[in-house]
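Engineer: sequence unknown, structure follows:
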Ligand code: FPP
Ligand code: MG
Ligand code: MG
């Protein structure tokens, strides 16, 4: 079993960057909207600190790609590409460690981190309306604070602002990459709502798990995967792909860690029994009619759950019976085991392409954080 190096603190490593990002994001979402209430609703979640997973991944990858020995520094693999007139390449090769923070390239990567957080918060504003959630980040959700209509519009507004910031990066490949994510978020949400396989009596256990994993990719992993990839795409001139190994590894790191992140989230729904950090109490997914990995694992030993699943746990006693079966048949540890396997894949992909650095260690330990978190 893979041992994670837990010496580097991911969030501390990018603390100055996250601070700059927070200042900038406040600027991006609160200026120029023509209505104070829209301003208030759109900036609402930026006043509270979330986990900042996505920007932390983007920023750590930006630093890790500029570390000594990275193909992108031109030290280890100077034959990677002709780059005599590539200004970004020069910025990158000159910038190692602390200096990378001052490069024009890093300014763009920081903007990307900000855009990913804006897209995430936009999706969360809409998600809380769909889920009729009343808390988020330890406080009233925006739909409760401002009403459904303004919460939806604030999400739209954030997407508009994110699109403008994205366009200003002047890189159509990055625009396309992040735009595909917005489609994926919508697709993941619809798949969750209308799960054909879960409604069918014939679907095999394997088909049910595949459908769940595919939904999870769209809903959670795609944003992380594509944000991570885009952080490396910014190293290139538009249209070139001089560091395909870094790009692919960044994508895989984001994808696999995103899968692990959502699996842990779905496991925590059966582990936490009280309201912690704005999360509703245990069993919320079942009460919402959702079948997640812990339930699918339990179903292998408790076939009766399939009928409960098909009626979305609306039958008398369905929620309690499914919940108890998950605990009895190890749904939680099996889900955590799968999350561990994904997190390991993330770390392996990362370490195969990126040279050792404190930032890479931060990314490794971030995978550990994902597995250890309790809220
Ligand atoms: C949180 O899941 C929800 C998401 C990660 C995605 C939500 C996406 C949409 C609503 C589609 C619209 C997208 C945009 C960009 C406007 P959850 O409800 O399982 O978790 P949580 O509520 O506990 O955080
Ligand atoms: Mg929700
Ligand atoms: Mg939801």
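Structural biologist: Good, I have the coordinates. What you are looking at is a predicted structure, and each value in this text was computed from that prediction instead of being measured. Numbers count the residues shown, from 1 in each chain. Ligands and ions are numbered 1, 2, ... in the order given.
Engineer: Surely residue 8 forms part of a helix?
Structural biologist: No. Remark: residue 8 does not belong to a helix; assigned using DSSP: H, G, I helix; E, B strand; the rest coil, it is coil.
Engineer: With residue 20 as the reference, measure out to it.
Structural biologist: Computed as Cβ to Cβ, to the nearest Å, the residue 8 to residue 20 distance reads 20 Å. For every residue, glycine as well, the C-beta is placed using N, CA and C.
Engineer: backbone phi and psi for residue 138, please?
Structural biologist: Here the main-chain torsion angles of residue 138 (degrees, to the nearest 10) amount to phi 70, psi 10.
Engineer: ok, now how distant is it from ligand 3?
Structural biologist: If you measure residue 138 against ligand 3 using Cβ to the ion, to the nearest Å, the figure is 18 Å.
Engineer: just use 80 as the starting number from now, easier for me
Structural biologist: In the new count, where the first residue is 80, that last one comes out as residue 217.
Engineer: What is the burial count for that residue?
Structural biologist: 14 (other Cβ atoms under 10 Å).
Engineer: what about it, distance to residue 411?
Structural biologist: From residue 217 across to residue 411, the span is 24 Å (Cβ to Cβ).
Engineer: Does stretch 251-261 reach ligand 1?
Structural biologist: Yes. Part of stretch 251-261 sits close enough to ligand 1 to count as contact by Cβ under 6 Å from any ligand atom, namely residue 261.
Engineer: what about the most centrally placed residue in the chain, which helix or strand?
Structural biologist: The centroid of the chain falls nearest to residue 303 when counting by Cα atoms, centre = their mean (4.0 Å). Assigned by DSSP states H and E, residue 303 belongs to helix 301-312.
Engineer: Check which helices and strands that helix sits against.
Structural biologist: With contacts defined as 3 or more Cβ pairs under 8 Å, 6 or more residues apart in numbering; DSSP states H and E, the packing partners of helix 301-312 are helix 132-144, helix 183-209, helix 251-272, helix 323-347.
Engineer: Mean neighbour count, those helices: which tops it?
Structural biologist: helix 132-144 (a mean of 28; mean count of other Cβ atoms under 10 Å).
Engineer: Quick one: mean pLDDT over that helix.
Structural biologist: Per-residue pLDDT over helix 132-144 has a mean of 97.
Engineer: name the helices or strands packed onto that helix?
Structural biologist: Contact partners of helix 132-144 among helices and strands, from 3+ Cβ pairs under 8 Å, 6+ apart: helix 89-92, helix 94-109, helix 183-209, helix 301-312, helix 323-347, helix 437-451.
Engineer: Redo those helices as JSON lines? Include distance to residue 397 and mean pLDDT.
Structural biologist: Listed next are these as JSON lines, based on distance: least, Cβ to Cβ, whole Å; pLDDT from 0 to 100:
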{"stretch": "helix 89-92", "distance to residue 397": "40", "mean pLDDT": "94"}
{"stretch": "helix 94-109", "distance to residue 397": "41", "mean pLDDT": "88"}
{"stretch": "helix 183-209", "distance to residue 397": "22", "mean pLDDT": "95"}
{"stretch": "helix 301-312", "distance to residue 397": "31", "mean pLDDT": "98"}
{"stretch": "helix 323-347", "distance to residue 397": "18", "mean pLDDT": "97"}
{"stretch": "helix 437-451", "distance to residue 397": "30", "mean pLDDT": "96"}
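Engineer: Would you convert the ones you listed into a markdown table that also reports distance to residue 288?
Structural biologist: As requested, the helices and strands packed on helix 132-144 are exported to a markdown table (distance: least, Cβ to Cβ, whole Å):
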| stretch | distance to residue 288 |
| --- | --- |
| helix 89-92 | 30 |
| helix 94-109 | 36 |
| helix 183-209 | 23 |
| helix 301-312 | 18 |
| helix 323-347 | 11 |
| helix 437-451 | 20 |
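Engineer: Which one, of those, ends up nearest to ligand 1?
Structural biologist: helix 183-209 (3.8 Å; Cβ to the nearest ligand atom).
Engineer: anything in that closest one sitting right up against ligand 2?
Structural biologist: Yes. Under the criterion of Cβ under 5 Å from the ion, helix 183-209 makes contact with ligand 2 via residue 206.
Engineer: just how off-centre is that helix within its chain?
Structural biologist: Distance, stretch centre to chain centre, for helix 183-209: 10 Å (Cα atoms, centre = their mean, to the nearest Å).
Engineer: Now look at whichever helix or strand comes after it and say if it contacts ligand 3.
Structural biologist: Counting by DSSP H and E, the element after helix 183-209 in chain order, helix or strand, is strand 214-215. No. Strand 214-215 stays out of contact with ligand 3 when judged by Cβ under 5 Å from the ion, the minimum separation being 11.1 Å.
Engineer: continuing past strand 214-215, what's the next helix or strand?
Structural biologist: Heading C-terminal from strand 214-215, the first helix or strand you meet, by DSSP H and E, is strand 218-219.
Engineer: Number of residues surrounding the residue lying closest to residue 145 once chain neighbours are set aside?
Structural biologist: With sequence-adjacent residues excluded and distances taken as Cβ to Cβ, 6 or more residues apart in numbering, residue 145 is closest to residue 179, at 4.1 Å. Neighbour count of residue 179, defined by other Cβ under 10 Å: 21.
Engineer: show me what contacts residue 179?
Structural biologist: Taking Cβ atoms under 8 Å, 6 or more residues apart in numbering as the contact definition, residue 179 lies against 141-142, 145, 171, 185.
Engineer: Which single one of those is nearest to residue 225?
Structural biologist: Closest approach to residue 225 among those (Cβ to Cβ): residue 141, at 34.1 Å.
Engineer: Could you pull up the contacting residues of the closest one?
Structural biologist: Residues near residue 141 by Cβ under 8 Å, 6+ apart: 179, 184-185, 188-189, 192, 310, 313.
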